[in-house]
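S.K.: With the sequence up front, the predicted model follows.
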Amino acid sequence: MKYMFRYRFSVATFIFLFISSIAFTTQAQAPKGFSDVVNTMSLQSSLANSAKSTQTISSDFSQVKHMKMMNDKVNSKGKFYFKREDKIRIEYTSPFQYLLVMSGGQIMVRDENKTNKINTRNSKTMQSVNKVMMDCMRGTVFGNKDFAVKAFESKTQYMMQLTPANSSMKNLFARIDVYIEKADNSVSKLVMNENGGDYTEMVFTNKKINTTLPYALFSIR
């Protein structure tokens, strides 16, 4: 049972990063409490300006994988790090240790003593997944041609719905929802929706902006 749990979690994590809501629809619709963003150009400009001044992000995160067929959830926690321009570290610390690093077009995944490395330059799909992850952190999702983007807003948040626009991304995702805090234009939640109805929520807390992060955090070796 221990290994089954570990396997299911690993597959969910790979799907998330080799990158609707609970009720999937093919048309982008405003979620409860949100309305359409009228001036998306103004929003894009605001996100771009914030991205220019953001050198690093570090935070805690909690993740819940919802599995429709099994009526089950897998909970995990860890640390998240981002360093401009293209470095991300996702370090799972509970219920077990699991590490993923994205840097300079390369991806490293480490599960216990096993390490896998992927050069995204050898795969257009991996390039797309790497790009969308970086775009979510850099606030540049509107410029990602692999997805059609629809923007909504509430009093305190923006929410972008990213719907795949090509076949490779459609095979991985039904939709990605990106929640951004209006206070500082930082990502507070990602929801990765799969075609079968399963979805993964990743919530970021205790965020710190522009603190010094050691280069070793993003080392791929």
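M.R.: Perfect, I can see it now.
S.K.: who's in contact with the residue lying closest to residue 191 once chain neighbours are set aside?
M.R.: The spatial neighbour of residue 191 that comes closest, neighbours along the chain excluded (C-beta to C-beta, 6 or more residues apart in numbering), is residue 177 at 4.0 Å. (Each C-beta comes from the backbone N, C-alpha and C, glycine too.) Residue 177 sits next to 20, 21, 31, 159, 160, 161, 162, 189, 190, 191, 193 when contact means C-beta atoms under 8 Å, 6 or more residues apart in numbering.
S.K.: Please state the backbone phi and psi of the fifth one?
M.R.: This means residue 160. Taking degrees, to the nearest 10, you get phi -110, psi 130 for the backbone angles of residue 160.
S.K.: And for the residue nearest to it when sequence neighbours are not counted, the neighbour number?
M.R.: Nearest residue to residue 160, sequence neighbours excluded (C-beta to C-beta, 6+ apart): residue 178, at 4.5 Å. The number of residues packed near residue 178 is 22, by other C-beta atoms under 10 Å.
S.K.: a helix runs through residue 91, doesn't it?
M.R.: No: the assignment for residue 91, made by DSSP: H, G, I helix; E, B strand; the rest coil, is strand rather than a helix.
S.K.: Let's see the pLDDT reported for it.
M.R.: The model reports residue 91 with a pLDDT of 94.
S.K.: Next, count neighbours for it.
M.R.: Counted with other C-beta under 10 Å, residue 91 comes out at 16.
S.K.: Leaving out sequence neighbours, find the closest residue to it.
M.R.: Residue 91 sits nearest to residue 79 (C-beta to C-beta, 6+ apart), 4.6 Å away.
S.K.: Run through the bridge partners of that neighbour.
M.R.: residue 60, residue 91 (DSSP bridges).
S.K.: Just confirm it contacts residue 62, I think it does.
M.R.: No: the criterion here is C-beta atoms under 8 Å, and residue 79 misses it with residue 62 at 11.2 Å.
S.K.: shared neighbours of those two, anything?
M.R.: In contact with both residue 79 and residue 62: no residue, using C-beta under 8 Å, 6+ apart.
S.K.: returning to what we had before: didn't the residue nearest to residue 160 look like it was pressed against residue 159?
M.R.: Yes: with contact defined as C-beta under 8 Å, residue 178 counts as touching residue 159 (7.0 Å).
S.K.: sec struct for residue 131, please.
M.R.: helix.
S.K.: quick one: the residue lying closest to it once chain neighbours are set aside from residue 72, how far?
M.R.: Excluding the flanking residues, the one nearest residue 131 by C-beta to C-beta, 6+ apart is residue 144, at 6.3 Å. Going from residue 144 to residue 72 by C-beta to C-beta, to the nearest Å gives 32 Å.
S.K.: Show me which of these two is the more surrounded one.
M.R.: Legend: neighbour count by other C-beta under 10 Å for residue 144 and residue 72, higher for residue 144 (18 against 12).
S.K.: which residues does the more buried one contact?
M.R.: 131, 132, 135, 162.
S.K.: before we move on, the earlier item: can you classify the residue nearest to residue 191 by secondary structure?
M.R.: strand.
S.K.: ok, now residue 134?
M.R.: Strictly by three-state DSSP, residue 134 counts as helix.
S.K.: give me every residue that touches it.
M.R.: 85, 86, 88, 102, 140.
S.K.: at 10 Å what do you get?
M.R.: 82, 84, 85, 86, 87, 88, 102, 140, 141, 144 (C-beta atoms under 10 Å, 6 or more residues apart in numbering).
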